[in-house]
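**Student:** here's a sequence, model it:
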Amino acid sequence: MRDKKEKRFERTYTQGSVNIVEIWVDRETGVNYVYRTGGYGGGFTPLLDSHGNVIVTRVERD
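**Tutor:** Numbering: from 1, shown residues only. Modelled structure (predicted):
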């Protein structure tokens, strides 16, 4: 488990300035999430590949 001072999620991609799309990686599990916001709404959901499987990034452990 990581030190409590380290952030669990890391932003790996961002696009846009008004209608924003970002990709975040959970540093504990490697699961990728897509965050979308525009106006007063937004959402955060797992990022899926073309087969419907969750995209997982390999996480380096200390």
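**Student:** so for residue 59, what's the pLDDT?
**Tutor:** Looking at residue 59, its pLDDT reads 85.
**Student:** go ahead and flag the most central residue of the protein.
**Tutor:** In the chain, the centroid-proximal residue (C-alpha atoms, centre = their mean) is residue 24; its distance is 1.8 Å.
**Student:** so what's that one up against?
**Tutor:** 9, 10, 11, 12, 32, 33, 34, 35, 44 (C-beta atoms under 8 Å, 6 or more residues apart in numbering). For every residue, glycine as well, the C-beta is placed using N, CA and C.
**Student:** how long is stretch 22-42 end to end?
**Tutor:** 11 Å (C-alpha to C-alpha, to the nearest Å).
**Student:** just the buried residues of that stretch, please?
**Tutor:** 22, 23, 24, 25, 26, 27, 31, 32, 33, 34, 35 (16 or more other C-beta atoms under 10 Å).
**Student:** for those residues, work out which two are farthest apart.
**Tutor:** 27 and 34 (16.6 Å; C-beta to C-beta).
**Student:** quick one: residues in contact with stretch 34-53.
**Tutor:** 18, 19, 20, 21, 22, 23, 24, 31, 32, 33, 54, 55.
**Student:** 10 Å - rerun?
**Tutor:** Contact partners of stretch 34-53, identified using C-beta atoms under 10 Å, 6 or more residues apart in numbering, comprise 9, 11, 13-16, 18-26, 31-33, 54-57.
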